[in-house]
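> Give me the fold of what follows.
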Amino acid sequence: MNVIMQIGTYTTTSLTSTIALAFCALTSAAQGVSPKAATPELEFVMQLNVSLGETYVVGETPAGTRQVIPIAGGTFEGPQLRGTIVGGGADYQLVGSDGKRTTLEAVYSIKTDDGVHIHVRNQGIVCSGKDTSGRDTFYFKAAPKFEAPVDSRYDWLNNAIFVCSPSFGAPGTITLDVWMVR
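Reported below is the predicted structural model:
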């Protein structure tokens, strides 16, 4: 027995047909999609030279193995700001069960040379593995979010998206280059 149920002004049969037609239209449109917006550009903002404390492992949690890297201090400098990294923050990491992927969230503050404190929350991922040709790969990127006082000359940090890439130097340090997405 074929039952057609009325829903509003559509029957389930016509509603299903309408959804199917919309899906087909979107699918064929997506096959020829090209970007309409300009490709974002990056503008260098600062380099952070971070001193790290001794890593400790909290242990296995439902989300993965939790480890914490204390942030002991450091300096930062860029075209529009410079100062010190306030000790007391940390990088909270979750290592996946296979050890190949780590998510991170570093929470800390920086203080500019003119005395303004800015809160930083930097979230990212670290992945290692092999590409399709079998070569080893390493990916480490993060997206810092800044909270600066709105009545300061650093308010512009509140209103943009940032990305950063690390490099490693002396043991117990990490350098982060930060760019604003334009």
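
> How about the contacts made by the residue lying closest to residue 86 once chain neighbours are set aside?
Leaving aside its sequence neighbours, residue 86 sits nearest to residue 109 (Cβ to Cβ, 6 or more residues apart in numbering; 4.3 Å). To be clear about C-beta, it is placed using only N, CA and C from the backbone, and glycine gets the same treatment. By Cβ atoms under 8 Å, 6 or more residues apart in numbering, residue 109 lies in contact with 85, 86, 88, 89, 117, 118, 119, 120.

> What is the burial count for residue 95?
Taking other Cβ atoms under 10 Å as the criterion, the count of residues near residue 95 is 19.

> who touches it in this structure?
So residue 95 contacts 64, 65, 66, 67, 101, 102 (Cβ under 8 Å, 6+ apart).

> Is the fourth one in contact with residue 60, as I believe?
No - the pair formed by residue 67 and residue 60 falls short of the contact definition of Cβ atoms under 8 Å, at 10.8 Å.

> of those two, who's got more company?
Shown here are residue 67 and residue 60; by other Cβ under 10 Å, residue 67 has more neighbours (17 against 11).

> buried residues in the strand or helix carrying that one?
Assessed by DSSP states H and E, residue 67 sits inside strand 64-77. Neighbour-count burial for strand 64-77 flags 64, 65, 67, 69, 70, 71, 72, 73, 74, 76 (criterion: 16 or more other Cβ atoms under 10 Å).

> Partner strands of it, with direction?
Strand pairing for strand 64-77, using DSSP bridges, gives strand 42-52 (antiparallel), strand 56-61 (antiparallel), strand 82-95 (antiparallel).

> want to throw those strands into a markdown table with mean pLDDT and distance to residue 135?
Shown next, in a markdown table, are the strands paired with strand 64-77 (pLDDT from 0 to 100; distance: least, Cβ to Cβ, whole Å):
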| stretch | mean pLDDT | distance to residue 135 |
| --- | --- | --- |
| strand 42-52 | 98 | 26 |
| strand 56-61 | 96 | 30 |
| strand 82-95 | 98 | 23 |
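
> Report the mean per-residue pLDDT for the strand holding residue 67.
Strand 64-77 shows a mean pLDDT of 97.

> Please tell me how far residue 155 sits from residue 162.
Per Cβ to Cβ, to the nearest Å, residue 155 is found 15 Å from residue 162.
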